[in-house]
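okay, predicted coordinates and the sequence, questions at the end:
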Amino acid sequence: MRNNRGFTLIELLIVMIILGLLAALVGPRMFGKVGKSRHQAARAQISMLETALETYRLDVGAFPTEAQGLEALRKQPQGVRNWDGPYLPKEVPPDPWGNPYEYQYPSDNSDFEIISYGADGRPGGEEESADIYNWKNPDS
């Protein structure tokens, strides 16, 4: 008498269908959380950059010019006195999508602007491609 220990094709297909249904239900929810967590990470990085810029201003007496940019937080710009940096422990990070943050000074909306253009890296956009500003409340 032969003792077969294996799965039939029907059993394998049923398991694959169940796994496919689970992936279809859980997958979109998880990917939605990835986009949201990237936005939260960008807000946290922007907040860190704001703190560093405020400290720079306290030492130097003004914010970095747009030409000096955020690099002024790591390397002393020429002709700047009272610089007591570096104001960031590491290089200026890219946003969570790998794009550089935009720095604008002066700004119409705030003393300065730090902007991440989201997943698409371009101004405008919605959801994961929505722009993130240091002065703009995410709920507005």
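Nice, thanks for sending it over.

what is the least confident helix or strand in the chain?
Across the helices and strands of the chain, mean pLDDT, DSSP states H and E gives its lowest value to helix 9-60, namely a mean of 83.

for the record, mean pLDDT for the next helix or strand after that helix?
Heading C-terminal from helix 9-60, the first helix or strand you meet, by DSSP states H and E, is strand 102-104. For strand 102-104, mean pLDDT is 95.

tell me if I'm right that residue 125 and residue 117 touch.
Yes. Between residue 125 and residue 117 there is a contact under C-beta atoms under 8 Å: 7.2 Å. Placement of C-beta: from N, CA and C, glycine included.

the more surrounded of these two?
Remark: of residue 125 and residue 117, residue 117 carries more neighbours, 21 against 14, as counted by other C-beta atoms under 10 Å.

neighbours around the residue lying closest to the more buried one once chain neighbours are set aside, how many?
Nearest residue to residue 117 in three dimensions, chain neighbours excluded: residue 131, at 5.4 Å (C-beta to C-beta, 6 or more residues apart in numbering). By the measure other C-beta under 10 Å, the count of residues near residue 131 is 17.

for the one 4 residues further on, same thing?
Number of residues near residue 135 (other C-beta under 10 Å) recorded here: 15.

how about residue 13?
Neighbours of residue 13 (other C-beta under 10 Å): 11.

residues contacting it?
If a contact means C-beta atoms under 8 Å, 6 or more residues apart in numbering, then residue 13 has no contacts.

go again with 10 Å.
residue 7 (C-beta atoms under 10 Å, 6 or more residues apart in numbering).

and residue 114, what helix or strand is that in?
Applying DSSP H and E, one finds residue 114 within strand 113-116.

what is that strand packed up against?
Judged by 3 or more C-beta pairs under 10 Å, 6 or more residues apart in numbering; DSSP states H and E, strand 113-116 is in contact with helix 9-60, strand 102-104, strand 132-133.
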